[in-house]
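In: any chance you could fold what I've pasted below:
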Amino acid sequence: MAKPDVRDEAFLREVDDEYRRSQFVGFWQRYGRMLAIGIVVFLVALAGVLFWRQDRARRAGETGERFNLALAQIEAGNFTGANPVLADLAKSGTPGYRALAQLMQAGTAVQAGDIPKGLTIYRSVSGDTALAQPYRDLATIKATRLEYDTLPPATVIARLKPFSVPGNPWFAVAAEMTGVAEMKLHHPDRAVPLFVAIVRDQQSPPSIRNRAAQLAIALGTDPASLLAPRTSTSGLAK
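Out: Residues are numbered from 1 along each chain as shown. The predicted structure follows:
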């Protein structure tokens, strides 16, 4: 077989290269403008995202510093200096700092004797679905304690039912308030199991456990049974 002519191979390569160039030129003429615009848009968007992240981190750092300053002022007893910062954070801060600022506002108001203001803020936090549930739960507990004496016992029981379960972070506080509310309704059979559960819950604060033990005994519970392993809540009332 005859070998291919070198000139033919060079010619074919040249034709192939020219064909590829013509394809590229045609593609660029047809889509080049759109492609260039797409690249520019992508780069602008990327720059925007990077700037947003950096700005958010910077703002979070500034918010944290302002919150720590307000906290230091409160610890020093300077509520007047802390209140403007807390008010600003409560309006424009991130959800976490906003919740903390509002809770601190309510606490300082209560300490200053302005119970209605503190109660209003606690209710606002409790009903704010944009906030994390732990903040809302804390506000609910705080509000209930503030208005406990003016609430119907049935309202207290219904409101604190989700918290009056062993294992809940607010179990001891909620169960104690619920138990006393049951006593007001003359339901010792419902109050005693709550008090016994508090006593047997090692995570409950000692002060609440002591009060719960006294109340359970006052309602006729055998003191020895308070330390027995809990297998059932039935049969605890005398």
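
In: which residues of this structure fall in helices?
Out: Here the chain has its helices, by DSSP state H, at 6-75, 79-92, 95-111, 115-126, 133-146, 153-160, 171-184, 188-200, 206-218.

In: can you read off the pLDDT for residue 221?
Out: What the model reports for residue 221 is a pLDDT of 87.

In: gap between residue 152 and residue 97?
Out: Counting by CB to CB, to the nearest Å, the gap from residue 152 to residue 97 is 35 Å. Glycine gets a C-beta too; all of them are placed from N, C-alpha and C.

In: neighbour-wise, which of those two wins?
Out: Taking other CB atoms under 10 Å, residue 152 and residue 97 do not tie; residue 97 has more neighbours (18 against 11).

In: tell me if I'm right that the more buried one and residue 89 touch.
Out: Yes - counting by CB atoms under 8 Å, residue 97 does reach residue 89; the two are 5.3 Å apart.

In: show me the contacts for the residue nearest to residue 198 when sequence neighbours are not counted.
Out: If you skip the residues right next to it in sequence, residue 198 has residue 212 as its closest partner in space, 3.8 Å away by CB to CB, 6 or more residues apart in numbering. Applying CB atoms under 8 Å, 6 or more residues apart in numbering, we find residue 212 in contact with 172, 175, 176, 179, 194, 195, 196, 198, 199, 204.

In: so which of those wins on neighbours?
Out: residue 195 (31 neighbours).

In: now do the contacts for that residue.
Out: Residue 195 touches 175, 176, 179, 212, 213, 215, 216, 219, 221, counting by CB under 8 Å, 6+ apart.

In: which intervals of the protein have sub-threshold pLDDT?
Out: 1-83, 85-86, 90, 92-93, 228-238 (pLDDT under 70).

In: near residue 130, how many other residues are there?
Out: So residue 130, with other CB under 10 Å, has 8 neighbours.

In: that one - nearest residue in space that isn't next to it in sequence?
Out: That would be residue 95: by CB to CB, 6+ apart, it lies 5.8 Å from residue 130.

In: so that neighbour sits against residue 129, correct?
Out: No - contact criterion CB under 8 Å: residue 95 and residue 129 do not qualify, at 10.6 Å.

In: higher neighbour count, the two?
Out: Each of residue 95 and residue 129 has its neighbours counted (other CB under 10 Å); residue 95 has more, 12 against 6.

In: can you pull the contacts of that one?
Out: Here residue 95 is in contact with 130, 131, 132 (CB under 8 Å, 6+ apart).
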